[in-house]
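# Sharing a model that was predicted from the sequence below.
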Amino acid sequence: MKAKFQMFEGFETRRIKTSETEIHLKIAGQGSALLLLHGYPQTHTIWHKIAPRLAKHFTVITSDLRGYGDSGKPTSDADHTPYSKRKMALDQVEVMTTLGFQTFSVVGHDRGGRVAHRLARDHPDRVQKLAVLDIAPTAAMYGATDMKFATAYYHWFFLIQPFDLPERMIGADPRYYLEKKLKAWGRTEDAITPGAFAEYLRCFLDPATIHATCEDYRAAAGIDLAHDAADAHLKLEMPLLALWGQEGFVGKTYDVLETWREVALDVSGHTVPGGHYLPEEAPQETLDALLEFL
């Protein structure tokens, strides 16, 4: 508990019941609302270096996505619908409604960026500004799959294998898997602090988390692509900021701004130092970019 407090000093921990699950979050600050969403295989803890500084300017809500961290892990189905980005986004919209925020800005890293993208598509009247960190749109990345992508993002194809192959393989040594995954994507030594890693590991040791996060990826390879195709003719109208790691795979592989201009009208962005974990590897640069944008 001490490490949690130090990482988010001044934040209140809440657990909010939504229509289908419960979402664990931290909240602090005042002013317009800012929702921060994390990615795989992490939790809201990824924001611990910049959330307190953002809370000087905004009411900051940093939550665990359904299936991750201390949030609920609903039972899935054959189509993986409970872990579609549409369902995951609706959780966050319901959280913000419960907290009294009809409009807000949202920043999503990795999987959280994909949830944020769907949230902005499904609830455009709720989102003032959208920032996506170190991703290109899901459909674009799957559509451009080649040997380079399949090698670097092997987990996209591993985690979607039918239950319970990836669950058993990861569950045999979850610490080893987590350490290898974090080290493979990061480019800045010691960026992930011992306290943050301990939180990631605590949550990832839960077999329910391992299963739910596989379901997230299974949904991404099926129902999420169907949802994306259904509204591919629409473009987001709110301002969109894309940031990506200078030494990471995404920026070296895609024209990041152009891929986002295929789905949004008002796109800006640039690199920040380091690899995939922007809020932990380049907290100052990420903070500066977000403050300027927001």
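Arrived safely, thanks for sending.
# per-residue confidence for the nearest residue to residue 224 once chain neighbours are set aside?
Spatially, and ignoring its direct neighbours in sequence, residue 224 is nearest to residue 85 (5.1 Å; C-beta to C-beta, 6 or more residues apart in numbering). C-beta coordinates here come from the backbone N, C-alpha and C atoms, glycine included. We have a pLDDT of 98 for residue 85.
# Pull the number of nearby residues for residue 85.
Other residues near residue 85 come to 25 when the count uses other C-beta atoms under 10 Å.
# now the helices for the stretch 151-294 of the chain?
Taking DSSP state H, counting those that start in this stretch as the criterion, the stretch 151-294 of the chain carries its helices at 154-158, 165-171, 174-185, 194-204, 207-220, 223-230, 249-253, 256-261, 278-281, 283-293.
# Any idea how far apart the tips of stretch 7-26 sit?
Separation of the first and last residues of stretch 7-26 by C-alpha to C-alpha, to the nearest Å is 11 Å.
# So for it, what gets flagged as buried?
For stretch 7-26, the neighbour count (16 or more other C-beta atoms under 10 Å) marks 7, 8, 11, 16, 18, 21, 22, 23, 24, 25, 26 as buried.
# Outside of it itself, which residues are in contact with it?
27-28, 44-45, 48, 51-52, 55, 60-64, 66, 69-74, 82, 87, 90-92, 94-95, 98-99, 195-196, 199 (C-beta atoms under 8 Å, 6 or more residues apart in numbering).
# and that stretch, how far from the chain's centre?
Centroid separation for stretch 7-26 versus its chain: 16 Å, with C-alpha atoms, centre = their mean, to the nearest Å.
# What average pLDDT does it get?
On average, stretch 7-26 scores 97.
# Check stretch 39-50 too.
Per-residue scores along stretch 39-50 average to 98.
# Ok, stretch 147-156 next?
96.
# dump the residue contacts of residue 63.
Going by C-beta under 8 Å, 6+ apart, residue 63 touches 23, 24, 25, 26, 35, 36, 37, 44, 71, 92, 95.
# now those residues in a markdown table, with distance to residue 253 and secondary structure?
Supplementary listing: the contacts of residue 63 in a markdown table, determined by distance: C-beta to C-beta, whole Å; DSSP: H, G, I helix; E, B strand; the rest coil:
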| residue | distance to residue 253 | secondary structure |
| --- | --- | --- |
| 23 | 32 | strand |
| 24 | 33 | strand |
| 25 | 33 | strand |
| 26 | 33 | strand |
| 35 | 28 | strand |
| 36 | 25 | strand |
| 37 | 23 | strand |
| 44 | 28 | helix |
| 71 | 31 | coil |
| 92 | 28 | helix |
| 95 | 33 | helix |
